[in-house]
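Asks: How does the following fold in three dimensions:
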Amino acid sequence: MTNEKKRKTQYNWKFKSNETDEFYEWFENQDNIALSLRKIVYHMIELYGTESVLNHHVDKEMSRDMFILEALRGKDTLTVKESILSGGSLGKGSSASENLYSSVQNERPVNEEPNKPETQSKVNYQEVNPKSIF
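Replies: Numbering: from 1, shown residues only. Below you'll find the model as predicted:
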């Protein structure tokens, strides 16, 4: 017999009594809760890696992403640098959300007129529907 740990194939989950109505509404709207939770976990792994979501740096990155998404809520379009869409601007050790955050910080205000000579940029900008990204 080996000392290898067997992977669990079943987990039990007790809900806290103070869960929100939205929590229960989401839960009840799932056709297959196991598949729904697996999809969420794989999505989280792709965004934040496999460390605990309670780790400070993961929590900080998730909060930053929520801030960005909240800022984009209700907008029909946003301006994104083409290099971000192609993945060419990701540096070693930096995440996609960090690069998106810094790029959003450096973008020109939405209300600027793009045809004015003083507001034209050498960077190739592209109009993107946020719903197609998120």
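
Asks: Return the helix or strand in the protein with minimum mean pLDDT.
Replies: None of the helices or strands of the chain scores lower by mean pLDDT, DSSP states H and E than helix 96-106, at a mean of 51.

Asks: Need the pLDDT of the residue nearest to Ser52 when sequence neighbours are not counted.
Replies: Nearest non-adjacent residue to Ser52, counting by Cβ to Cβ, 6 or more residues apart in numbering: Val58, 6.8 Å away. Any C-beta I mention is one placed from the backbone N, CA and C, and that applies to glycine too. With respect to pLDDT, Val58 scores 94.

Asks: ok, now Glu113?
Replies: Glu113 is assigned a predicted lDDT (pLDDT) of 47.

Asks: Any stretches of the protein with poor pLDDT?
Replies: Residues of the chain meeting the criterion pLDDT under 70: 1-3, 78, 83-134.
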